[in-house]
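In: The sequence isn't on hand, but the structure is:
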């Protein structure tokens, strides 16, 4: 028994960091056999090992209660270390360390690895493991009871995002409902937006002046919501431009966006019944470097002097540079973005600005299709739900300082 | 200094007065005069080395203390997510963070999610790190991971494994052969992330994809444009934040004040705050004059 | 407004003189930089002298746009656009094809490009195939097929972003709005007897929370599209847009600071690195 204890001590010593090892080593040399070992700390209690939730099945969560000598008692516990084995009664040499020394006061450890079978961190899925926890002092240790078997499992569903799912479901129901109502021919009211009403007028002005219309989709990628909204407006603008037979310029920042924009404009010209008027070079790529793009577009503005400029999409620092140049040459300017930091510049330098969600709604305004009108109505209801939730949360907090709603919304990804 | 200050004040005062008189008389002032005036204000302040003292605000102080209070040898990751256009604002922050972390003997992991950040990161290493900390050894005290394409996707991957995204460092050395990576598997083994940037991906992405999910403290250094958008994340999701040149200057003053070895270091942000402040005064004067002119013209139209 | 506007076709004498002056200044600067350079070799000094002079020339050329469009600006603009387009193309090749695709696709190619081979993964071949399909749009007949990968890209990113943004920018933000409207409330008596304007006092903290809550609610009301903004609803909507505008103002201030920093940075470069007079 004594021999076993000694082996264990040596094993633990082997894992201790060098400075600790130095101290213990000399103590051990002096007293190794003749003197009793120091009294071990109380072992960690109530150890549990469970599958770590919401992951890819390569982690197990181990929890324990602090050793009675950690913050109380002898107060000499310096840390904890987790061991893992593949059998409950495995020999000590078969227990491998699952953690470094965790500082005293720790009660939880997530043992994780990856799926690389030959790698140092391989963690087998659906395989029985056993865990135990060591409480370490500077010169000795104690071991908890062994827990297990436990398996790491793949999780198909992340319980942390249940509320996201519920909200999406609610939104889908709302959308379907209102689209149906709109299809049945019920008039749905939407409030006027000055920026949208100005679109036709602005293109008309370009026609009168015989100058081109400049349309800028911003720096977003083809997958950004603002850019997608902008495509819908571009389609509308291109159709009008085709009808009025004025030139259109669409300088692009992203190659992807350019390809989608080309398709959009081509389709719009077809819609307008003038496919032959479509000029492949009207939608062109400039460069994917922000300020080089600005320099290029500014040059185009000064030389072509467009009568109308649209800046719709995602914008960064170039917003003011472009809008200011546009104002300098006297164009009518309509802007819209969901980038809060850039809205101020558009507000001061443009004639009309679509703020945030107004940009998303703009395509609906332009087409007035009942289906799209239904989605706007559904969005408003979703906002009403948010307002309701906020009011309810505030009320709950106000009345009983009940924090449960807040906990619900703090769920981790 | 005093001669410079007086000259500048006279110049600014005279210019502002002239523009005020013009606009009160209802004449248009050509925009080019305004550009020239702002440019000259900045140039004058720079030439005369006009400086004002800076004192760290709590949000900058919090960033400073976070690095100060980490135990020696902690792992700190600095992300250089910016380009030359932002460099004057955030470059001084990068210098400060490198000085501070190495002076505290932390392990430094350098990386960038911006292609254009790579050259700037190398410059910082060559101009600040190597000459000022000759004792810092590559691979043991600092490592340069270089640039990876993928934006926030890169953060997603390194949150669980560095090696999946970076089999090697920027110089082609295998990570496993670098002593610093012995105990570092993923972002979760990093004790502090310092994100320097002003675009996308930037501080916000580090907060959302690394800080929130990995529960890793984050300090941000950002161009002034996006600073207001990041304030809501302080103090829960961002431990501290340096906004624009002002934030950088505050950090510089904190560093020079607390460390003797940095007493005489180059303080570009503090140097910039002089011209900066002068230009702010001019801009404020313009806003007031603009409004006076606007209300007068409205009154005239009213009549 | 501009000088020499009438002589678009053939440059006037004034323009010629300006061009000559710029060329002479450029040469003088180059020579003086090369002779006063600190580098080890003459060649390096000549090179650095050219680079700094050229950088200063480009900075001034771009600045000249503030006066008016002119040949110097045009030169700098076209150079910038061209160089950056090529830069991004090279970068795309080295970081996406060589950096990400090759190490997962072929051992031979990995050795050729001197990148460590990682492991075969069919995902990367799918991505590569999509890339090739995207390029099909260059063929007039098969152009339609390019829409497929485009649809996949837009669809997956939209889905990916939806759950993430709903979570972090929406749910968490709604949660953050549940602020106590009466911070540390211990009855009206306690409130009035301890009234202070300190930043961490009860009054200021509570007022701050009221502003956040009212601001969020009115901001939301402003974005209701399907209801007429009249009466109470209209008032809330107007308050909402006011709050938005105040936010914009604060943001604008910060940006002015940023822009001036950039100007200071450029002028520092001209004075210090180029003219060495600081």
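Out: Arrived safely, thanks for sending. These numbers come from a predicted model, not from an experiment. Residues are numbered from 1 along each chain as shown, chains lettered A, B, ... in the order given.
In: Identify the residues contacting residue B:78.
Out: By CB atoms under 8 Å, 6 or more residues apart in numbering or on different chains, residue B:78 lies in contact with B:94, B:97, B:98, B:101, B:108, B:109, B:110, B:111, B:194, B:196. From N, CA and C alone the C-beta is placed, and that goes for glycine too.
In: Tell me the bridge partners for it.
Out: With DSSP bridges as the criterion, residue B:78 is bridged to residue B:110, residue B:194.
In: Against residue B:94, how distant is it?
Out: 7 Å (CB to CB, to the nearest Å).
In: go on, residue B:123?
Out: 10 Å.
In: ok, back up a step: of the contacts of residue B:78, grab the buried ones for ChimeraX.
Out: Buried subset of the contacts of residue B:78, written as a ChimeraX selection, criterion 16 or more other CB atoms under 10 Å in any protein chain shown:
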select /B:94,97,98,101,108,109,110,111,194,196
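In: Pretty sure residue A:363 sits against residue A:226.
Out: No: contact criterion CB atoms under 8 Å: residue A:363 and residue A:226 do not qualify, at 11.6 Å.
In: Burial check on residue A:186, number of neighbours?
Out: The number of residues packed near residue A:186 is 13, by other CB atoms under 10 Å in any protein chain shown.
In: how's the chain carved up into domains?
Out: No chain in the question, so chain A it is. A:2-150, A:159-175+A:372-409, A:188-368 (automatic domain parsing).
In: should've been chain B
Out: Split into domains by automatic domain parsing, chain B comes to B:2-50+B:270-302, B:58-265.
In: most tightly surrounded among those domains?
Out: domain B:58-265 (a mean of 20; mean count of other CB atoms under 10 Å in any protein chain shown).
In: measure that domain end to end?
Out: 23 Å (CA to CA, to the nearest Å).
In: Mean confidence (pLDDT) on it, please.
Out: Averaged over domain B:58-265, pLDDT sits at 88.
In: Also stretch A:53-61?
Out: Mean pLDDT, stretch A:53-61: 81.
In: Then stretch A:114-127?
Out: 72.
In: first to last residue in that stretch, what's the distance?
Out: 14 Å.
In: which helices and strands sit right next to the one helix or strand residue B:163 maps to?
Out: Secondary structure from DSSP states H and E places residue B:163 in helix B:162-165. Taking 3 or more CB pairs under 8 Å, 6 or more residues apart in numbering or on different chains; DSSP states H and E as contact, the helices and strands that helix B:162-165 lies on are helix B:152-158.
In: Residue numbers of the stretch 101-250 of chain B in contact with chain A?
Out: B:160, B:161, B:183, B:185, B:199, B:200, B:212, B:213, B:225, B:226, B:228, B:229 (CB under 8 Å from any CB of the partner chain).
In: Tell me how far the fourth one lies from residue A:155.
Out: Here the criterion is CB to CB. By it, residue B:185 lies 21 Å from residue A:155.
In: Now look at the longest helix anywhere in chain A and say if it contacts chain C.
Out: If each helix of chain A is counted by residues according to DSSP state H, the longest one is helix A:370-400. Yes: applying CB under 8 Å from any CB, one finds that helix A:370-400 is in contact with chain C at A:376-377, A:379-380, A:383-384, A:386-387, A:389-391, A:393-394, A:396-398.
In: Please indicate which of those residues are buried?
Out: Using 16+ other CB under 10 Å, the buried members of the residues of helix A:370-400 next to chain C are A:376-377, A:379-380, A:383, A:386-387, A:389-390, A:393-394, A:396-397.
In: Who are the contact partners of the residue of the stretch 151-278 of chain C found nearest chain B?
Out: Going by CB to the nearest CB, chain B is nearest to residue C:265 of the stretch 151-278 of chain C, at 2.6 Å. By CB under 8 Å, 6+ apart, the contact list for residue C:265 reads B:87, B:88, B:89, B:272.
In: now swap in residue A:45 and tell me
Out: Residues near residue A:45 by CB under 8 Å, 6+ apart: A:64, A:65, A:67, A:68, A:144.
In: now the closest residue to the fourth one other than its chain neighbours, what's its secondary structure?
Out: The shortest distance from residue A:68 to any non-neighbouring residue, by CB to CB, 6 or more residues apart in numbering or on different chains, is to residue A:42 (3.7 Å). Residue A:42 carries the three-state label coil when classified by DSSP: H, G, I helix; E, B strand; the rest coil.
In: I'd say residue A:42 and residue A:67 touch.
Out: Yes: Residue A:42 lies in contact with residue A:67 (CB under 8 Å); the separation is 4.9 Å.
In: what do the two both touch?
Out: A:73, A:135, A:142.
In: Which strand or helix spans the last one?
Out: Of the helices and strands defined by DSSP H and E, residue A:142 is found in strand A:141-143.
In: And the pLDDT for the nearest residue to residue A:280 once chain neighbours are set aside?
Out: Excluding its sequence neighbours, the residue lying closest to residue A:280 (CB to CB, 6+ apart) is residue A:262, at 7.2 Å. Looking at residue A:262, its pLDDT stands at 90.
In: got a pLDDT number for whichever residue of the stretch 1-150 of chain C sits closest to chain A?
Out: Proximity of the stretch 1-150 of chain C to chain A (CB to the nearest CB) peaks at residue C:84, 3.3 Å away. Listed pLDDT for residue C:84 reads 86.
In: do the same with residue A:259
Out: 85.
In: Okay, it and residue A:250: tell me how far apart.
Out: From residue A:259 to residue A:250 the distance is 12 Å (CB to CB).
In: And residue A:214, by the same measure?
Out: From residue A:214 to residue A:250 the distance is 8 Å (CB to CB).
In: Ok, residue C:164 next?
Out: Residue C:164 is 30 Å from residue A:250, by CB to CB.
In: just residue C:177 next, same as before
Out: 40 Å.
In: Quick one: low-confidence residue ranges for the stretch 51-200 of chain C.
Out: Scanning the stretch 51-200 of chain C for pLDDT under 70 picks out the ranges C:168, C:185-188, C:199-200.
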